[in-house]
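Student: Next input, structure requested:
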Amino acid sequence: EEGLSKADFFEKYGFVILNHTSTMEASDWERSDRNINELLKAYNNRTEDGGAAYQAIMNDFRNGDTPVKQIYAPETEALIRTILPRAKSIMPPARGIRRYMTIRVPPSRYTTITVSILKKWWIEIPFLTSTNRRHNTKPPKPTSI
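Tutor: Numbering: from 1, shown residues only. Coordinates of the predicted model:
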C-alpha cells in the first residue's frame, strides 16, 4: 500500500517483507544446522531419561555457539526492531532450521523439501494484531510495498 512505512504496514496487516542482504554463508548454515532425527529421538524418549536429552538439545537450539547466533541473530534482531521498536526482548535461535527431502516419512506425516540458502533473503513476520482482527482486513500482495 502506497504511503505506509514498513512499521505501519505491519501494524495494519500483520506482516511485512523486509529486503536484507545477510552476511551468512552457506557453510555458516551448515555449521548451524540441527539434527532433527536426534531431536525427535530425544523427544520420544523423554519418559526414559526424564527429558534430560531433549532439554539439552533445546538449550543448544536456543543458546549454542553457532554462526546463526553470532551473525544471523543480531541481523534478525535489528530487522525486527525496525518494525517493533518497543519490543522488550527478541529471542532468535542459535540453530538454523533447514529443510531437507525426507525419504522415510509415512504418507500421513508432513514432508519437508530442500531449499537453497541465499545471501540475499526476505523475512516475513506473521503476526495477528488487534487492528487486523478488529477490521478483518485482507492484506494486499506483498509486492505492493
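
Student: isn't D33 right next to R98, touching?
Tutor: Yes. Shown here, D33 and R98 form a contact pair, counting by C-beta atoms under 8 Å, at 5.3 Å. Using the backbone N, CA and C atoms, a C-beta is placed for each residue, glycine as well.

Student: Doesn't M91 lie inside a strand?
Tutor: No. Counting by DSSP: H, G, I helix; E, B strand; the rest coil, M91 falls outside a strand, being coil.

Student: What is the burial count for it?
Tutor: Neighbourhood size, M91 [other C-beta atoms under 10 Å]: 8.

Student: Repeat that for Y72.
Tutor: With other C-beta under 10 Å as criterion, Y72 counts 22.

Student: residues near the closest residue to it other than its chain neighbours, how many?
Tutor: Counting by C-beta to C-beta, 6 or more residues apart in numbering, M24 is the residue found nearest to Y72 once chain neighbours are left out, at 5.3 Å. Using other C-beta under 10 Å, M24 has 20 other residues around it.

Student: Flag the shaky bits of the protein, pLDDT-wise.
Tutor: 1, 97, 99-145 (pLDDT under 70).

Student: Provide a complete list of residue ranges assigned to helices in it.
Tutor: 6-13, 26-31, 36-44, 46-49, 52-63, 67, 73-83, 130-135 (DSSP state H).
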